[in-house]
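Colleague: quick check, what structure comes out for this input:
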Amino acid sequence: MKERVFIVSLGCAKNQVDSEKLAGAMTSKGFGFAEDFESADIILVNTCAFIGPAVKESIDVILHLEELKGLGKVKKIGVLGCLLNRYGDDLKREFPTVDIWARSEEWEHVLSCLGVNDTSFSPCSRGFIPETTTWSRYLKITEGCNNCCSYCTIPSIRGHLRSRPVDEILEEAENLVLQGAKEICLVGQDLTAYGMDWDGSSHLVELLDLLEKHVPDGMWIRPLYLHPMRVNEKFLERIASYKNVLRYLDIPIQHVDDEILSCMNRNVTESDLRRIFSYARKIDPDFALRTTIIVGFPGEDNVKFKKVLRFLEDMEIDRVGAFLYSPEEGTKAAGIKKQVSDEVKRKRLDMLMELQADISLSRQERFLGRRLKVIVEERNYEDCVLGRSFREAPEVDGVIAIKGVKDVPCGDFLNVRINAVTEHDMEAEVVVDEG
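Modeller: Residues are numbered from 1 along each chain as shown. Below is the predicted model:
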């Protein structure tokens, strides 16, 4: 039997997909997988380098792996992915004891370094890592990005947009269903750009049409990461027409002020953002709307910041992820002179999250006494199980605690009634329909 491997996957869901693909390739070549560091012969870390804190986390893990190797607790260590993409040979010189170096998606090279002669494997094969849940899986439909937002390192780290072939995506979706998936979350740096590298047009709707027909009835399809410049009324109406595609819109706006948006190279205006979010609410007041905000972008003053607060309030955004602006080396925004102090950034972030807590609570209260379909995420948790509805994406949103239920398999669907809410989470009970 070949040596036992442990894969550490850092960063985003797109990285998790890459790690699962590597695990699938290694499984097909006879490698076994350890449950923890201590029982592994080989430890591979798939790194993240999107922003400074992610770089620090990746480096800390590498230092720990070097320590384990130095103590003889692991035979080989490997550093893969975005950190090497970003820093190249400079990184290699800093960590001379690393055995395997591979850029993102260079999984054949990893296999070759481990003595595998035939390094071919199916691009649709997916294995399992500790973060994997069989019932809820991520499916990456694009790699790289052409948007070139002024604050973002992704184009320089992951390259230009590459859309995956439709047949390959459908085959991978089918494989995930066979592995037990009940929910497929579509990921990419910008899903709305799918197919634009082919002919300049977005083909996301056509892909959703095919997935809708291809997956079993009742399965959930959750699109994540929709750039607002290609979200329009027609697209929103299409989303609302599907049976399997959830009414959950993850549209990162990053800011609202027109001057800031222009400086970010976002190619939208506040008017555009208000139009699409208002239309989503008009189509269905229950649409789950999630966005992200960068606080303290260069040139942001109090007036510009308060526009963001008004927008969140007016549009009744369900969920918000807010982040302090980080000036990243090599980005255009890092060279802007009007940088905002860290103290001001933190104060604004606190103000935003305090307001958003009230907005989120108000949105949650809409569902008191109502029924929701929930997928079970965790069982044997005190006297209840934990789950999510169409309104909660895995990992980033809240959960629903379903009281009085035990030993329901993860991945099962339950119909529940909401009895209590907080700004993030809910409590519910199972509803049994008579007859």
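Colleague: against Phe235, how distant is Pro123?
Modeller: In this view, Pro123 and Phe235 are 28 Å apart by Cβ to Cβ, to the nearest Å. Just so you know, the C-beta spots here come from the backbone N, C-alpha and C atoms, and that holds for glycine as well.
Colleague: so for those two, which residue has more residues nearby?
Modeller: Between Pro123 and Phe235, Phe235 has the larger neighbour count (other Cβ atoms under 10 Å), namely 20 against 14.
Colleague: the more buried one and Tyr242, how far apart?
Modeller: 12 Å.
Colleague: ok, Arg310 next?
Modeller: Taken as Cβ to Cβ, the span from Arg310 to Tyr242 is 32 Å.
Colleague: one more: Leu186?
Modeller: From Leu186 to Tyr242 the distance is 13 Å (Cβ to Cβ).
Colleague: who touches both of these two?
Modeller: Contact with both Leu186 and Tyr242 is made by residues Ile221, according to Cβ atoms under 8 Å, 6 or more residues apart in numbering.
Colleague: compare the two (neighbour count), which wins?
Modeller: Shown here are Leu186 and Tyr242; by other Cβ under 10 Å, Leu186 has more neighbours (25 against 14).
Colleague: part of a strand, is the more buried one?
Modeller: Yes - read with DSSP: H, G, I helix; E, B strand; the rest coil, Leu186 is one of the residues of a strand.
Colleague: identify the bridge partners of it.
Modeller: Beta-bridge pairing for Leu186 (DSSP bridges): Leu139, Pro223.
Colleague: go on, Lys373?
Modeller: Taking DSSP bridges as the rule, Lys373 bridges to Asn415.
Colleague: so where's the stretch 201-350 of the chain shaky on pLDDT?
Modeller: For the stretch 201-350 of the chain, no stretch has pLDDT under 70.
Colleague: just the strands in it please.
Modeller: Secondary structure of the stretch 201-350 of the chain (DSSP state E, counting those that start in this stretch): strands located at 220-223, 248-250, 288-295, 319-324.
Colleague: against Arg388, how distant is the nearest residue to Tyr225 once chain neighbours are set aside?
Modeller: Leaving aside its chain neighbours, Tyr225 sits nearest to Leu191 (5.5 Å; criterion: Cβ to Cβ, 6 or more residues apart in numbering). As for Leu191, its distance to Arg388 is 20 Å (criterion: Cβ to Cβ).
Colleague: same deal with Arg230?
Modeller: From Arg230 to Arg388 the distance is 27 Å (Cβ to Cβ).
Colleague: what about these two, which has more around it?
Modeller: Arg388 (24 against 18).
Colleague: which residues does that one bridge with?
Modeller: Those that pair with Arg388 in a beta bridge, by DSSP bridges, are Ile375.
Colleague: can you classify the closest residue to Val405 other than its chain neighbours as helix, strand or coil?
Modeller: Nearest non-adjacent residue to Val405, counting by Cβ to Cβ, 6+ apart: Val385, 5.1 Å away. Here Val385 is recorded as strand under three-state DSSP.
Colleague: pLDDT value on Val385, please?
Modeller: Note on Val385: pLDDT of 91.
Colleague: so which of the strands of the stretch 201-350 of the chain is nearest Gly72?
Modeller: Smallest distance to Gly72 across the strands of the stretch 201-350 of the chain (Cβ to Cβ): 40.2 Å, for strand 319-324.
Colleague: CA atoms of the closest one as PDB?
Modeller: Output in PDB follows, covering the C-alpha atoms of strand 319-324 (Å, rounded to 0.1, in the frame of the first residue of the first chain):
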ATOM      1  CA  ARG A 319     -26.600  38.700   5.000                       C
ATOM      2  CA  VAL A 320     -23.500  40.800   4.800                       C
ATOM      3  CA  GLY A 321     -19.800  39.900   4.900                       C
ATOM      4  CA  ALA A 322     -17.800  43.000   5.600                       C
ATOM      5  CA  PHE A 323     -14.000  43.200   5.500                       C
ATOM      6  CA  LEU A 324     -11.400  45.800   6.200                       C
END
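Colleague: give me the helices and strands touching that strand, please.
Modeller: Helices and strands touching strand 319-324, by 3 or more Cβ pairs under 8 Å, 6 or more residues apart in numbering; DSSP states H and E, are strand 288-295, helix 342-365.
Colleague: which parts of stretch 285-303 are buried?
Modeller: For stretch 285-303, a neighbour-count test (16 or more other Cβ atoms under 10 Å) marks 287-300 as buried.
Colleague: returning to what we had before: okay, now the residue nearest to Val405: neighbour count?
Modeller: What Val385 shows, counting by other Cβ under 10 Å, is a neighbour count of 27.
Colleague: Lys403 versus that one, what's the distance?
Modeller: As for Val385, its distance to Lys403 is 9 Å (criterion: Cβ to Cβ).
Colleague: what sits closest to Arg247 if chain neighbours are left out?
Modeller: Per Cβ to Cβ, 6+ apart, closest to Arg247 is Phe287, 5.1 Å.
Colleague: thought the one you found was touching Ile251?
Modeller: No - if you go by Cβ atoms under 8 Å, Phe287 and Ile251 don't touch, sitting 10.7 Å apart.
Colleague: find residues that contact each of these two.
Modeller: Joint contacts of Phe287 and Ile251 (Cβ under 8 Å, 6+ apart) do not exist.
Colleague: for the residue lying closest to Lys304 once chain neighbours are set aside, the count of nearby residues, please.
Modeller: For Lys304, ignoring the flanking residues on the chain, the nearest one in space by Cβ to Cβ, 6+ apart is Asp257 at 4.0 Å. Using other Cβ under 10 Å, the number of residues around Asp257 comes to 22.
Colleague: where's Asp257 relative to Lys307, distance?
Modeller: Separation of Asp257 from Lys307 (Cβ to Cβ) stands at 5 Å.
Colleague: do the same with Val295
Modeller: 13 Å.
Colleague: and for Asp18?
Modeller: For Asp18 relative to Lys307 (Cβ to Cβ), the value is 37 Å.
Colleague: more crowded one of those two?
Modeller: Asp18 (23 against 17).
Colleague: still on that earlier bit, I'd guessed the residue nearest to Lys304 sits against Val308; true?
Modeller: Yes - here Asp257 reaches Val308: they are 7.5 Å apart, a contact under Cβ under 8 Å.
Colleague: ok, Tyr248 - contacts?
Modeller: Arg222, Pro223, Phe287, Ala288, Arg290, Phe390, Arg391, Ala393.
Colleague: mind doing that once more with 6 Å?
Modeller: Contacts for Tyr248 (Cβ atoms under 6 Å, 6 or more residues apart in numbering) come out as Arg222, Ala288, Phe390.
Colleague: cool, and Ala49?
Modeller: With Cβ under 6 Å, 6+ apart, Ala49 has these contacts: Val55, Cys82, Leu83, Arg86.
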